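S.K.: Got a sequence here, can you model it:
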Amino acid sequence: MAPVRRLPYISPGWRSFYGVRRHIGSLLLLLLAVNMVGGQIRYSIPEEMKKGSVIGNVAQDLGLDLKRLRSGRARIVTGENVHYTELQKDKGTLVVNERIDREQLCGDITPCSLSFEMILENPMELHRITVEVLDINDHAPVFPNKDKPISFEISESAAVEVRFPLQSAQDLDVGQNALQNYILSPNDNFILKQHSNPDGRKYVEMVLQKPLDREERHPHFSLKLIAVDGGTPQRSGTVNIDVTVLDANDNIPVFNQSVYKASVLENTKTGTSIITVNATDADSGLYGHITYSLSKMKGSVAEIFTIDENTGTIYVSGQIDYEKYRKYELRVEAKDHGGLIGTMIIEVTDVNDNAPIISVMSFTSPVSEDSPPGTTIGIINVKDLDSGDNGQVNCRIEQNAPFKIKSNLRNYYTLVTDTVLDRESVSEYNITVVATDAGIPPLSTKRTFHLKVSDVNDNAPVFSQSVYSAFITENNSPGVSLLTVGAKDPDENQNARISYILENTNIGGAPVSEYVTVNAESGVVHAVRSFDYEQIKQLVFVVKAQDGGSPPLSNNAPLRAGPYRDRRKQNRPRAALWGRNAV
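M.R.: Residues are numbered from 1 along each chain as shown. Purely as a prediction, here's the structure:
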């Protein structure tokens with residue numbers, strides 16, 4: 001049976017997103033922003049497909065090319081059963097990685113499906129993939145203890161229309177492949193009547209239609225009960241029924257209810273009583289003494305409940321987990337020397353015993369300080385195994401920080417920036433996400449993300465003084481230090497590396513570089529030659545502080561220096577402070 005491929009479903013909002021995605025690609029690369037898009041696709045395949053069988057062409061169905069799968073490091077994430085499938089990025093196909101047994105995967109739950117997400121990066125895309133596993137008729141109906149016959153001891157005085165419940169067969173398949181009918185081998189005394197429980201399961205009773213006569217026929221005889229399914233080819237299971245005809249036990253036990261119902265909390269302690277069933281028998285003595293038992297039960301149910309054979313009280317004897325079973329159906333037998341089976345349905349009530357689980361799908365650190373508000377820095381998946389309000393989860397950020405959390409898909413949340421970041425104010429954050437369910441009392445889980453903010457060159461150097469001035473003695477030695485300028489830049493690394501540059505101006509018709517120089521790293525200004533007060537009374541020039549960013553940012557500081565006259569001369573002039581910063 002070839003897999004059935006269904007066209008992917010992509011919501012209208014995302015379809016419009018795809019139309020503009022090409023035009024904003026370059027902007028996303030510059031801003032290092034992560035944007036998430038989502039699509040949904042569903043496939044149907046039969047169970048038991050061979051390893052390597054193609055499930056569907058994911059790339060084609062989602063409109064992705066193979067280069068995008070490789071560049072985006074496409075991979076399958078989340079889900080407990082992702083090992084059943086494999087994504088072949090070189091072909092864009094999803095294939096079977098491990099034999100899928102529908103019964104082992106889902107039991108009797110229909111439809112049976114695997115759901116997981118495919119994630120791509122740069123930019124972030126998240127696509128949901130569902131693979132429905134279809135049932136094939138690979139199981140025959142089976143009776144419990146099929147090698148051991150069903151035994152009845154029936155009084156020859158039993159009235160016509162007396163019913164004798166029979167064991168139900170189990171068929172692990174579902175739908176048409178599941179158990180459909182029972183057949184009783186031809187005989188003169190009994191016919192078969194079939195019924196359905198509230199959950200749809202079939203059970204049968206053997207009904208006496210002609211009185212038994214122990215003296216007329218042999219006191220022991222055998223019948224066959226056959227259970228058949230509706231698959232192609234059809235499968236069946238058989239069990240023998242041994243009937244022993246007894247002398248006059250005129251009445252059989254009768255329950256005071258046809259169906260008993262009770263509810264129990266999960267995690268109820270062992271030994272807790274749930275309900276007491278009651279049957280009566282009009283006979284007296286040995287024929288009227290009733291004992292209770294639970295008929296054969298499937299799986300681990302037999303380890304969870306017990307019954308007091310004398311009182312009919314049902315007790316918890318094992319661990320009840322709502323997340324595994326939400327309803328149990330028990331068959332209670334009340335026996336004298338005949339037999340009667342009643343139905344007992346126990347519903348399990350959920351308690352809030354599972355805290356939310358936070359899984360990190362993607363997280364980007366560092367993030368640039370010039371990233372716009374709304375930049376995605378992380379994607380998380382949050383699940384809670386409980387149901388109802390106990391499984392409803394709310395996510396929030398614990399501390400006051402310039403971030404917020406948004407819900408895009410069911411169980412998925414994105415962590416985004418809420419304002420423009422400033423590395424010079426805060427260079428790193430510890431962001432704690434808290435997931436809390438709606439149970440009483442609520443349960444919470446925390447996950448902390450350490451985010452660093454990367455620098456951009458958004459600050460120019462700033463001089464420590466708005467104006468620099470200096471005085472020197474005339475006839476100075478060439479190379480003498482006049483003064484030192486200094487600037488600081490709050491950026492980091494190369495963006496904060498400052499170089500000092502002498503602006504190109506003229507003094508008395510000659511370049512300023514013939515009078516002074518500045519050390520590019522230290523900012524020390526040196527005289528190039530000796531000054532004579534009678535020739536030049538003051539020097540006015542500008543030093544620029546420039547950082548190493550791209551593009552670089554700079555700031556200017558004016559400097560004024562004038563030589564003293566020789567000490568033997570009088571009226572030594574002093575230069576006045578002046579000027580201001582200029583960008």
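S.K.: contacting residues around stretch 186-199?
M.R.: With contact meaning Cβ atoms under 8 Å, 6 or more residues apart in numbering, stretch 186-199 is reached by 163-164, 181-184, 202-212, 221, 223, 225, 327, 329, 343, 345. Quick note: C-beta positions are derived from backbone N, CA and C, even for glycine.
S.K.: so where do the strands sit in the stretch 1-150 of the chain?
M.R.: Residue ranges of the strands in the stretch 1-150 of the chain, as given by DSSP state E, counting those that start in this stretch, are 4-5, 37-46, 54-57, 75-77, 85-88, 93-96, 113-120, 125-134, 150-155.
S.K.: Just the strands from the stretch 251-400 of the chain, written as ranges.
M.R.: Along the stretch 251-400 of the chain, counting by DSSP E, counting those that start in this stretch, strands occupy 254-255, 259-265, 273-276, 279-280, 291-294, 305-307, 313-316, 327-335, 340-349, 357-363, 367-368, 376-383, 393-397.
S.K.: hmm, back to that, out of the strands of the stretch 1-150 of the chain, which comes closest to residue 301?
M.R.: Of all the strands of the stretch 1-150 of the chain, strand 150-155 sits nearest to residue 301, with 19.7 Å by Cβ to Cβ.
S.K.: and the closest one, C-alpha only, in CSV?
M.R.: What follows is strand 150-155, C-alpha atoms only, in CSV (Å, rounded to 0.1, in the frame of the first residue of the first chain):
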residue,chain,number,x,y,z
ILE,A,150,-14.1,-21.7,29.2
SER,A,151,-15.9,-23.9,31.7
PHE,A,152,-19.5,-23.7,32.9
GLU,A,153,-21.3,-25.8,35.4
ILE,A,154,-25.0,-25.4,34.6
SER,A,155,-28.0,-26.8,36.4
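S.K.: which neighbours does it have in its sheet, and in what orientation?
M.R.: Partner strands for strand 150-155, per DSSP bridges, with pairing direction: strand 236-246 (parallel).
S.K.: one step back: mean pLDDT for the strands of the stretch 251-400 of the chain: which is lowest?
M.R.: Mean pLDDT is lowest for strand 340-349 out of the strands of the stretch 251-400 of the chain, coming in at a mean of 62.
S.K.: Report the buried members of the contacts of stretch 186-199.
M.R.: Using 16 or more other Cβ atoms under 10 Å as the burial test, these include 164, 181-182, 184, 202-208, 212, 223, 225, 329, 343, 345 as buried.
S.K.: Now distance to residue 155 too, for the strands of the stretch 251-400 of the chain, in a markdown table please.
M.R.: Formatted as a markdown table, the strands of the stretch 251-400 of the chain follow (distance: least, Cβ to Cβ, whole Å):
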| stretch | distance to residue 155 |
| --- | --- |
| strand 254-255 | 15 |
| strand 259-265 | 26 |
| strand 273-276 | 28 |
| strand 279-280 | 17 |
| strand 291-294 | 17 |
| strand 305-307 | 25 |
| strand 313-316 | 28 |
| strand 327-335 | 13 |
| strand 340-349 | 13 |
| strand 357-363 | 60 |
| strand 367-368 | 85 |
| strand 376-383 | 58 |
| strand 393-397 | 61 |
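S.K.: And for stretch 76-92, what's in contact with it?
M.R.: Outside stretch 76-92, the residues that reach it (Cβ under 8 Å, 6+ apart) are 55, 57-60, 64, 66, 69-70, 74-75, 93-98, 100, 105, 114-119, 129, 131, 359, 361, 381.
S.K.: and with 7 Å instead?
M.R.: Contact with stretch 76-92 is made by 55, 57-60, 66, 69-70, 74-75, 94-98, 100, 105, 114-119, 131, 359, 361, 381, as judged by Cβ atoms under 7 Å, 6 or more residues apart in numbering.
S.K.: again, but for stretch 51-58
M.R.: Counting by Cβ under 7 Å, 6+ apart, 3, 5, 41, 43, 45, 85, 87, 92-99, 118, 129, 131 sit against stretch 51-58.
S.K.: what does stretch 384-393 give?
M.R.: 323, 350, 352, 354, 356, 382, 435-439.
S.K.: neighbour-wise, which of the residues you listed leads?
M.R.: Neighbour counts for those peak at residue 356, which has 25 neighbours (criterion: other Cβ atoms under 10 Å).
S.K.: Apart from its neighbours in sequence, what residue is nearest that residue?
M.R.: Leaving aside its sequence neighbours, residue 356 sits nearest to residue 435 (Cβ to Cβ, 6 or more residues apart in numbering; 3.9 Å).
S.K.: The one you found: what's it in contact with?
M.R.: 356, 358, 382, 393, 395, 444-445.
S.K.: let's see 8 Å
M.R.: Taking Cβ under 8 Å, 6+ apart, one finds 356, 358, 382, 393-395, 444-447 in contact with residue 435.
S.K.: Generate a ChimeraX selection restricted to the buried subset of those residues.
M.R.: To isolate the buried ones among those in ChimeraX, judged by 16+ other Cβ under 10 Å, type:
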select :356,358,382,393,395,445,447
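S.K.: what two of the contacts of residue 435 have the greatest distance between them?
M.R.: Across the contacts of residue 435 (Cβ to Cβ), the longest gap, 14.4 Å, separates 394 and 447.
S.K.: Look up how far residue 398 lies from residue 357.
M.R.: 18 Å (Cβ to Cβ, to the nearest Å).
S.K.: Check residue 45 too.
M.R.: 44 Å.
S.K.: Who has more neighbours out of those two?
M.R.: Taking neighbours as other Cβ under 10 Å, residue 45 and residue 398 compare with residue 45 leading, 24 against 13.
S.K.: What confidence value was assigned to that one?
M.R.: 95.
S.K.: got it, and the one 3 residues further on?
M.R.: Note for residue 48: predicted pLDDT of 94.
S.K.: Quick check: phi and psi at it.
M.R.: phi 70, psi 20 (degrees, to the nearest 10).
S.K.: Double-check it against residue 98; I have them as touching.
M.R.: No. Contact criterion Cβ atoms under 8 Å: residue 48 and residue 98 do not qualify, at 11.3 Å.
S.K.: The two: who's more crowded?
M.R.: residue 48 (16 against 11).
S.K.: element containing residue 212?
M.R.: Using DSSP states H and E, residue 212 is not contained in any helix or strand.
S.K.: quick one: it and residue 221, what's the gap?
M.R.: Taking Cβ to Cβ, one finds residue 212 at 10 Å from residue 221.
S.K.: Please apply the same query to residue 417.
M.R.: 83 Å.
S.K.: Mind listing the residues bridging to the residue nearest in space to the middle of the chain?
M.R.: The centroid of the chain falls nearest to residue 381 when counting by Cα atoms, centre = their mean (3.5 Å). Assessed by DSSP bridges, residue 381 has beta-bridge partners residue 359, residue 412.
S.K.: and it, what does it touch?
M.R.: Neighbours of residue 381 in contact, by Cβ under 8 Å, 6+ apart: 77-78, 117, 358-359, 361, 411-413.
S.K.: Reformat the residues you listed as CSV; add distance to residue 540.
M.R.: CSV is the format used below for these (distance: Cβ to Cβ, whole Å):
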residue, distance to residue 540
77, 67
78, 70
117, 68
358, 65
359, 67
361, 63
411, 70
412, 65
413, 62
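S.K.: Put the buried members of these into a PyMOL selection.
M.R.: In PyMOL, this line selects whichever of the contacts of residue 381 come out buried by 16+ other Cβ under 10 Å:
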select buried, resi 77+78+117+358+361+412+413
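S.K.: Farthest-apart pair in the contacts of residue 381, please.
M.R.: Pairwise distances across those (Cβ to Cβ) peak at 15.4 Å, for the pair 117 and 358.
S.K.: residue ranges with poor pLDDT in this protein?
M.R.: Scanning the chain for pLDDT under 70 picks out the ranges 1-38, 79, 215, 217, 247-251, 283-284, 296-300, 337-348, 564-583.
S.K.: Apply 50 and report the result again.
M.R.: For the chain, applying pLDDT under 50 flags the ranges 1-36, 567-583.
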